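Student: Sharing a sequence plus its predicted fold:
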Amino acid sequence: MISDPNYRFNRRPQFSVNHISQYLATSNATQRGRVIRSAKFPKKVEVAAYSQVRDALKKSLFKADFGHDDLEFLADRMDAKARTETGWHKSEALRSAQAVRAFQDTFKQKSFKKYTLAPAPKNLSVRISGVKLNVSMDAAITQDHKGTTFAGGLILKYAFGVDRSSVDKELANAAGLLLWALEGGQMEPLPRLCMAVDLAEHRAVKASASHTRFRQDIFDSCTEIAALWDGVEPPDDYDGPDWC
């Protein structure tokens, strides 16, 4: 193994929300095998998209007026950067400015002001049929009603410039898995308080209260993933830890 490999190795089965969404979206064995391979041998991302603004947007969830003035300054700074950069860096600055303004348009809606948002654990997980499903929650949500506090969570989704045909399903999967991961905590989560927020479309997709079929599909998929995991080999250019 080289000193700074491009790949990591997960010995035990684990999927992200994106992985399970991709897996559920196809019944083709070859395509499902590719999804398992990408989860078992994840490739290092040099620079994550929107990395210049993700942290600022997350922190703005907990500020008065959702950090409007700070975000105005940030969007202007990204615009200025785009004017001096070229290539990927220019495109990334433009994408980042777009994401900031989309966040502002999304969270100026009155519907979000009725929730109490607080910092959340970076990662949640739920283990299903031998597979650890990881869920990244950007904020915890609470709402008081008639003396009872209800709980939930929020995930920010940056679905700009992508094929929109799969986005709705990915958002629903994210919200549904978030609800599942929060169950069994100190406060019982409500489906309507577990949501994936699509910044590109300025909307929130909430977990369904009717989740029997969804959870059965997840269970069946995880059973299959766990059975196939050990037999999946790395890509040809794999340079990570010993996997045998």
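Tutor: Cool, the structure landed.

Student: Tell me the pLDDT of the most centrally placed residue in the chain.
Tutor: With the centre of the chain defined as its mean C-alpha position, the nearest residue by C-alpha atoms, centre = their mean is residue 136, 5.6 Å away. pLDDT, residue 136: 90.

Student: any idea how far residue 25 is from the nearest residue to it once chain neighbours are set aside?
Tutor: Distances taken as C-beta to C-beta, 6 or more residues apart in numbering place residue 123 nearest to residue 136, at 5.7 Å, with adjacent residues excluded. Where C-beta positions appear, they are placed from N, C-alpha and C, glycine not excepted. Per C-beta to C-beta, to the nearest Å, residue 123 is found 23 Å from residue 25.

Student: Over to residue 217?
Tutor: Between residue 217 and residue 25 the computed distance is 11 Å (C-beta to C-beta).

Student: ok, now residue 117?
Tutor: Here the criterion is C-beta to C-beta. By it, residue 117 lies 30 Å from residue 25.

Student: of these two, who's got more company?
Tutor: For residue 117 against residue 25, the residue with the higher neighbour count under other C-beta atoms under 10 Å is residue 117, and the figures read 19 against 16.

Student: Can you verify my assumption that the more buried one contacts residue 61?
Tutor: Yes - with contact defined as C-beta atoms under 8 Å, residue 117 counts as touching residue 61 (5.0 Å).

Student: which residues are in contact with both of the two?
Tutor: With contacts defined as C-beta atoms under 8 Å, 6 or more residues apart in numbering, the residues shared by residue 117 and residue 61 are 139, 154.

Student: Show me what the helix ranked longest in the chain is packed up against.
Tutor: Residue-count comparison of every helix in the chain, with assignments taken from DSSP state H, identifies helix 87-107 as the longest. For helix 87-107, the helices and strands in contact under the criterion 3 or more C-beta pairs under 8 Å, 6 or more residues apart in numbering; DSSP states H and E are helix 54-60, helix 68-84.

Student: right, so of the ones you listed, which gets closest to residue 195?
Tutor: Of all the helices and strands packed on helix 87-107, it is helix 54-60 that lies closest to residue 195, at 15.0 Å by C-beta to C-beta.

Student: same question for the closest one, mean pLDDT?
Tutor: Taken as a whole, helix 54-60 has an average pLDDT of 95.

Student: buried sites along that helix?
Tutor: Neighbour-count burial for helix 54-60, counted by 16 or more other C-beta atoms under 10 Å, picks out 54, 56, 57, 58, 60.

Student: who's in contact with the first one?
Tutor: Residue 54 makes contact with 48, 156, 158 under the criterion C-beta under 8 Å, 6+ apart.
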